[in-house]
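Participant: structure for the following, please:
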Amino acid sequence: MAGCAIFAPVKDGQRIHFLSDFHLGVPDAASSLAREKRICAFLDEAAKDAAEIHLLGDLFDFWFEWKRAVPRGHVRLLGKMAELTDRGIPVHLHIGNHDMWIFDYVPTETGVIVHREPIVREFAGKRFHIGHGDGLGPGDHGYKFIKGIFRNPVCQWLFARLHPNFALWLGDFLSGRSRKKSYENDRKWLGADKEWLVQYCRELLKTDRFDHMIFGHRHLPIDLEIAPGSRYVNLGDWISYYTYATFDGHELKLMKRTSDGPLSGDVRITGGPAV
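Facilitator: Numbering: from 1, shown residues only. Predicted coordinates:
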């Protein structure tokens, strides 16, 4: 459950930035590195006015932490997160389905604040419901079953008994199969009545009020008013779209990155799913 709202001020000139679904590590080392550099360039620009930064999961295509070992690579992003928190900028990491096996290494080394369930925040009088988005809403019962297994401490302990060389190969293989199976479908708008996260948001609004409900996971940039004054926003991804959302204390905007320069040059996405 998301729990009670936490209130946070947004000072004049400050913004809250949201982005998700980097899937670093795929499809190959070269393109992953180029994508990682673009993400770090964005974070450099976002840091200039950031009150907070929210990373909504699936930073890595596969991640597992052993007690004394972690996967190779991604040092630019890990270092950038540590740099931001060292400067006093709160960075919130919402765990996704591809990086659910982040334990204590990432938060300890980088200083990010980890969330494993959706949270409720209030910024400048606006209520936000924020999470990665996997396993929410009706349907997808197969994944929900598998997620329960993957989050089981006994299953995690057993996986940790595998040698990292084999375990990381196996994890990359299974993650790649899952991504290839779902990615093209993820880019298709199914209609509001068939979109699980839209249904989840509608259920939320039956018992609570939210101005903005923000998720990743879907890989499709979406900005959709689902009730008067209530919007469902999906952040898309940094594989095909390079999209993010930003809140300036007055308005939430879904944006598309157009360069690695100032955020002022980026363009806004409006009108529902960007299909």
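Participant: so what does the residue nearest the centre of the chain look like in phi/psi?
Facilitator: The residue lying closest to the centre of the chain (C-alpha atoms, centre = their mean) is residue 56, at 1.8 Å. The phi/psi pair for residue 56 (degrees, to the nearest 10) reads phi -100, psi 40.
Participant: would you confirm that it contacts residue 132?
Facilitator: Yes - with contact defined as C-beta atoms under 8 Å, residue 56 reaches residue 132; the gap is 5.4 Å. For glycine as for every other residue, the C-beta is placed from the backbone atoms N, C-alpha and C.
Participant: per-residue confidence at the residue nearest to the centre of the chain?
Facilitator: Looking at residue 56, its pLDDT is 98.
Participant: follow-up on the earlier one: what touches both of residue 56 and residue 132?
Facilitator: Residues touching both residue 56 and residue 132 (C-beta atoms under 8 Å, 6 or more residues apart in numbering) are 20, 94, 96, 215-217.
Participant: return the subset of the residues you listed lying in strands.
Facilitator: Of those, the ones assigned to strands by DSSP state E are 94, 215.
Participant: so how far is residue 90 from residue 97?
Facilitator: Distance, residue 97 to residue 90, using C-beta to C-beta, to the nearest Å: 24 Å.
Participant: for these two, indicate the residue with more neighbours.
Facilitator: residue 97 (19 against 16; other C-beta atoms under 10 Å).
Participant: what's the closest non-adjacent residue to residue 227?
Facilitator: Nearest non-adjacent residue to residue 227, counting by C-beta to C-beta, 6 or more residues apart in numbering: residue 205, 5.4 Å away.
Participant: burial of the nearest residue to residue 95 once chain neighbours are set aside, as a residue count?
Facilitator: Using C-beta to C-beta, 6+ apart and skipping the chain neighbours, the partner closest in space to residue 95 is residue 116 (5.0 Å). Using other C-beta under 10 Å, residue 116 is surrounded by 14 other residues.
Participant: what about the nearest residue to residue 136 once chain neighbours are set aside, is that helix, strand or coil?
Facilitator: Computed as C-beta to C-beta, 6+ apart, the closest residue to residue 136 that is not its neighbour in sequence is residue 200, at 4.5 Å. Here residue 200 is recorded as helix under DSSP: H, G, I helix; E, B strand; the rest coil.
Participant: show me the contacts for residue 200.
Facilitator: Residues near residue 200 by C-beta under 8 Å, 6+ apart: 136-138.
Participant: among these, name the ones in helices.
Facilitator: Nothing among these maps onto helices, per DSSP state H.
Participant: tell me the one among the residues you listed nearest to residue 38.
Facilitator: Using C-beta to C-beta, residue 136 is the member of the contacts of residue 200 that lies nearest residue 38, at 28.3 Å.
Participant: surely the closest one is in contact with residue 196?
Facilitator: Yes - assessed by C-beta under 8 Å, residue 136 is found in contact with residue 196 at 6.7 Å.
Participant: so what's residue 223 closest to, chain neighbours aside?
Facilitator: residue 254 (4.4 Å).
Participant: in a strand, that neighbour, correct?
Facilitator: Yes - counting by three-state DSSP, residue 254 falls inside a strand.
Participant: what are the bridge partners for it, then?
Facilitator: Applying DSSP bridges to residue 254 yields these beta-bridge partners: residue 245.
Participant: ok, it touching residue 273?
Facilitator: No - the pair residue 254 and residue 273 does not pass the contact test of C-beta under 8 Å, sitting 10.6 Å apart.
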